[in-house]
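Asks: here is my input, please return the structure:
(chains A and B)
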Amino acid sequence: MLSWNKKLTFLAILSGALVLIAFALVLFYAPVEQNMGVVQKVFYFHVAAAWLGMLGFLVAAVCSVMYLSKGNPNLDAVAASSVEIGLLFTAIANFSGMIWARPAWNTWWTWDPRLTTMTIMAFTYIAYFLLRRGIDDPAKKARFGSIYLIIGFATVPLTFFSARLLRTIHPTIFGSAGTGDMAMTPAMYQTMGLSIFAFSVLFALLLIVRSRLRLNEQWLEEQEAMEQEEEFGEVVNG
Amino acid sequence: MKNWLSTLKTLIWKDLLQEWRSKDMLTAMLAFAILSIFIFNYAMELDPRQRAELAPGILWVVITFSGTLGLNRSFVAEQEQGSFDALVMAVPGLASIWFAKQISNFLMMLVLIVIVLPIYSLLYNQNLFIPGLWLTLILGAWSFSAAGTLLASMTAQTRMRDLLLPVLLFPILMPVNMAVVKAGTGIMTGAALASYQVWLSILLVYGIIMTTISFMVFDYVILE
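Replies: Predicted structure coming up:
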């Protein structure tokens, strides 16, 4: 049986290798798109990052429901870490999207439902950290945080649905076809699949490392608080 | 069930009576709402031809912003006088505390709507006595108070309090904002019901989802 640290090292090497392979495929294997040219290649990372953003918030919402029903503080640490990673990748998705949108749509930003939904979602999760910062008691912090994550995740589909009713120019890859769609070749699908897989492994690695770090931080804070209490007690008694 | 209803009625009555005696919250909300209407007039140079389309948006912003002021105050009495613990001990079933607070906040929003709409009508010489518009705003107010009451009960217990509520509340309220403005504009411009029906459904669905979630999680807010 491998030790926990060795498993993590293995996962780190695996995710590093996968991301490198995905990068190589994007550069050398995937064909250049006819209409949009080389800039379309940002799309492989854009979709993978957007997927991780959603995955991060989904994992956080599931952990929050489990935290409220089970009360295990580790679940809250995983939820908070998952939101952090989700926010990071949402930002990557937004910025890589802008790089693509400038040549493709001739604008950095447009009030497209996906763009607005992503950004409002990001604001929800930034607010989540503000809420956590405002509470000192760890148990209350975890409870309130979980409640907010559940409400936040419940409104995301409604926000998306509402924004979509207004108008969209964002290309759809899966599901119903729109006007701005790209016709993807098998090589493109393979590259995208691998890139999404590589990013997902990276997500798992980051989530484990960040959650452990967070739990260690919490443990240290508790120790410090206890030491301070002891010192205080000595001063009072001595 | 009958017992539960009478508890609910007592709790709502307590909130309303308290507000009736001090009138702090309502006065501040109304003053702020009317001021905002004046600010909008100068900020947007409202032109008579644009008004019909802009009215629902302006009204909704005015109502939600002044509503947030009220929400911030809604748990202050419980916090400052420590009556929250007494309430928790006295009332069987914690959900009724939340539900009563939600309904009294909703009633405050209704009073706000009932006063602000005629004033807006008067100031802009525009007929706002349209049942559809009122229905839309009332549905919106329900969703607003459902999400707002739950979040206010949490922010009241944080260090930042009033600062935090709008930041937490507005991203969550985004579907409601879009739906109220779109449905309201459809009604004001006399569009066919079919063109804005979906927005009314979104409002209903949002209200139901928020009320249900709040009911389920409120126990965890006051768990001590």
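Asks: could you pull out the buried residues of the helix or strand where A:F153 lies?
Replies: Using DSSP states H and E, A:F153 falls within helix A:138-166. For helix A:138-166, the neighbour count (16 or more other C-beta atoms under 10 Å in any protein chain shown) marks A:140-156, A:158-163 as buried. (C-beta placed from N, C-alpha, C; glycine too.)
Asks: near chain B, list only the ones from the residues you listed.
Replies: Restricting the buried residues of helix A:138-166 to those near chain B by C-beta under 8 Å from any C-beta of the partner chain leaves A:140, A:143-144, A:146-148, A:150-152, A:154-155, A:158-159, A:161-163.
Asks: which one of those is nearest to A:L25?
Replies: Among these, A:A163 lies closest to A:L25 (C-beta to C-beta), at 32.5 Å.
Asks: measure the nearest residue to the closest one once chain neighbours are set aside to B:G70 for me?
Replies: What sits nearest to A:A163 in space, not counting adjacent residues and going by C-beta to C-beta, 6 or more residues apart in numbering or on different chains, is A:P113, at 3.2 Å. Applying C-beta to C-beta, to the nearest Å, the value for A:P113 to B:G70 is 31 Å.
Asks: so these two - more neighbours on which side?
Replies: For A:P113 versus B:G70, neighbours defined as other C-beta atoms under 10 Å in any protein chain shown are more numerous around B:G70 (24 against 19).
Asks: assumed A:N35 was part of a helix.
Replies: No - going by DSSP: H, G, I helix; E, B strand; the rest coil, the assignment for A:N35 is coil, not a helix.
Asks: and residue 33, how many neighbours?
Replies: In the absence of a named chain, chain A is used. 17.
Asks: think we crossed wires, I meant chain B
Replies: By other C-beta under 10 Å, neighbour count at B:A33 equals 22.
Asks: list the contacts for it?
Replies: B:V62, B:I63, B:F65, B:S66, B:L112, B:I115, B:V116 (C-beta atoms under 8 Å, 6 or more residues apart in numbering or on different chains).
Asks: ok, 10 Å please
Replies: Applying C-beta atoms under 10 Å, 6 or more residues apart in numbering or on different chains, we find B:A33 in contact with B:59, B:62-63, B:65-67, B:69, B:112-113, B:115-116, B:119-120.
Asks: got it, and A:M184?
Replies: By C-beta under 10 Å, 6+ apart, the contact set of A:M184 is A:A30, A:P31, A:E33, A:F43, A:I173, A:Q190, A:T191, A:M192.
Asks: quick check: closest non-adjacent residue to the fourth one.
Replies: Put plainly, it is A:F43. A:W100 (6.4 Å).
Asks: and the angle for whichever strand or helix holds the one you found with helix A:138-166?
Replies: When elements are assigned from DSSP H and E, A:W100 belongs to helix A:73-105. Calculated by axes from the mean of the first three to the mean of the last three C-alpha atoms, to 10 degrees, helix A:73-105 forms an angle of 30 degrees with helix A:138-166.
Asks: and helix A:73-105, what does it pack onto?
Replies: helix A:42-70, helix A:113-133, helix A:138-166, helix A:186-237 (3 or more C-beta pairs under 10 Å, 6 or more residues apart in numbering or on different chains; DSSP states H and E).
Asks: would you mind listing the buried residues in it?
Replies: A:75-87, A:89-90, A:92-94, A:96-98, A:100-101, A:104-105.
Asks: stretch B:87-104 now?
Replies: For stretch B:87-104, using 16+ other C-beta under 10 Å, the buried residues are B:87, B:91, B:94-104.
Asks: also stretch B:170-190?
Replies: Here stretch B:170-190 shows B:170-188 as buried, counting by 16+ other C-beta under 10 Å.
Asks: same check, this time on stretch B:6-25
Replies: Across stretch B:6-25, burial judged by 16+ other C-beta under 10 Å covers B:T7, B:L8, B:L11, B:I12, B:D15, B:E19, B:M25.
Asks: how close does the residue lying closest to A:S81 once chain neighbours are set aside get to chain B?
Replies: Nearest non-adjacent residue to A:S81, counting by C-beta to C-beta, 6+ apart: A:R210, 3.9 Å away. Computed as C-beta to the nearest C-beta, to the nearest Å, the A:R210 to chain B distance reads 23 Å.
Asks: and A:R210, how many neighbours?
Replies: Around A:R210 there are 17 residues (other C-beta under 10 Å).
Asks: just A:A24 next, same as before
Replies: Look at A:A24: counted by other C-beta under 10 Å, it has 12 neighbours.
Asks: name the element it belongs to?
Replies: A:A24 belongs to helix A:4-24, assigned by DSSP H and E.
Asks: that helix vs helix A:42-70, what angle?
Replies: Between helix A:4-24 and helix A:42-70, the angle comes out at 150 degrees (the same axes, to 10 degrees).
Asks: using PDB, list the CA coordinates for helix A:4-24.
Replies: This file holds the C-alpha atoms of helix A:4-24, laid out as PDB (Å, rounded to 0.1, in the frame of the first residue of the first chain):
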ATOM      1  CA  TRP A   4      -0.600   9.200   1.100                       C
ATOM      2  CA  ASN A   5       2.200  11.400   0.000                       C
ATOM      3  CA  LYS A   6       3.500   9.000  -2.600                       C
ATOM      4  CA  LYS A   7       0.000   8.800  -4.100                       C
ATOM      5  CA  LEU A   8      -0.200  12.600  -4.200                       C
ATOM      6  CA  THR A   9       3.200  12.800  -6.000                       C
ATOM      7  CA  PHE A  10       2.000  10.200  -8.500                       C
ATOM      8  CA  LEU A  11      -1.200  12.300  -9.100                       C
ATOM      9  CA  ALA A  12       0.900  15.400  -9.500                       C
ATOM     10  CA  ILE A  13       3.200  13.800 -12.100                       C
ATOM     11  CA  LEU A  14       0.200  12.300 -13.900                       C
ATOM     12  CA  SER A  15      -1.700  15.600 -14.100                       C
ATOM     13  CA  GLY A  16       1.500  17.500 -15.200                       C
ATOM     14  CA  ALA A  17       2.100  14.900 -18.000                       C
ATOM     15  CA  LEU A  18      -1.600  15.000 -19.100                       C
ATOM     16  CA  VAL A  19      -1.700  18.800 -19.300                       C
ATOM     17  CA  LEU A  20       1.600  18.800 -21.300                       C
ATOM     18  CA  ILE A  21       0.200  16.200 -23.700                       C
ATOM     19  CA  ALA A  22      -3.000  18.200 -24.100                       C
ATOM     20  CA  PHE A  23      -0.900  21.300 -24.800                       C
ATOM     21  CA  ALA A  24       1.100  19.400 -27.400                       C
END
